[in-house]
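A.B. asks: please work out how this folds:
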Amino acid sequence: MKTYHMNKKERQITDQAAMFAIVTRGKYAIISLCRDNEPYLVTLNYGFDAEKKALYFHTAQEGLKMDFIKQNPRVCGTIIEDRGYLMNQCSHSYRSAVFFGTLHVVPDMAEMKHGMEIMLHHLEENPDKVREKFLQDDQVYQKRHLVILRLDIEEITGKQGK
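C.D. replies: Presented below is the predicted three-dimensional model:
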């Protein structure tokens with residue numbers, strides 16, 4: 001993909017740790033997909049695995065999102081840290097990370113469980129409570145037709161305002 005420069009250099013976040021801090025604090029990502037020149041945008045909650053620089057998502061085995069991913073797993077996404085509109089300044093305080101990568105359907109039970117644990121610890125105050133309620137045993141993954149997706153982040157950029 002061609003790299004573009006940011007018009008307002010003073011807004012660019014160049015420190016990779018700062019960009020991944022946005023990802024670490026976020027709770028949902030907006031993911032853009034494309035197939036046959038048709039765009040599709042979806043908002044998903046996620047868990048971030050800092051070691052792998054990967055996002056994990058859960059979804060159903062069938063549906064529009066999976067149809068797009070099967071045809072073209074390359075994606076672009078964003079996570080926004082909204083700090084609020086600045087009244088009477090015609091401005092907004094924010095930080096955002098835009099990332100490019102590839103979505104993979106997680107094939108084995110060990111990584112599926114790992115991905116779910118990453119999501120639980122990223123999103124939940126009490127992961128044990130959710131685990132006890134919804135993930136009693138390994139059969140839950142098959143019974144509920146659950147798919148775990150891993151998005152490997154290959155490139156990330158950051159931007160901030162005010």
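A.B. asks: show me where the protein has its strands.
C.D. replies: 12-13, 28-35, 38-45, 47-49, 54-60, 74-86, 91-105, 146-161 (DSSP state E).
A.B. asks: got TSV for the ones you listed, with mean pLDDT too?
C.D. replies: Conversion of those to TSV gives the following (pLDDT from 0 to 100):
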stretch	mean pLDDT
strand 12-13	89
strand 28-35	98
strand 38-45	97
strand 47-49	98
strand 54-60	95
strand 74-86	93
strand 91-105	94
strand 146-161	94
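A.B. asks: will you turn those into CSV that also has distance to His121 and mean neighbour count?
C.D. replies: Any C-beta I mention is one placed from the backbone N, CA and C, and that applies to glycine too. Conversion of the strands of the chain to CSV gives the following (distance: least, CB to CB, whole Å; neighbours: other CB atoms under 10 Å):
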stretch, distance to His121, mean neighbour count
strand 12-13, 25, 16
strand 28-35, 16, 17
strand 38-45, 13, 13
strand 47-49, 7, 22
strand 54-60, 11, 20
strand 74-86, 17, 16
strand 91-105, 20, 17
strand 146-161, 15, 18
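A.B. asks: state which helix of the protein is the longest.
C.D. replies: Selection of the longest helix in the chain by residue count, based on DSSP state H, yields helix 109-123.
A.B. asks: what number of residues lie near the residue lying closest to Val130 once chain neighbours are set aside?
C.D. replies: Residue nearest to Val130 in three dimensions, not counting chain neighbours: Glu124, with 5.3 Å by CB to CB, 6 or more residues apart in numbering. Neighbour count of Glu124, defined by other CB atoms under 10 Å: 13.
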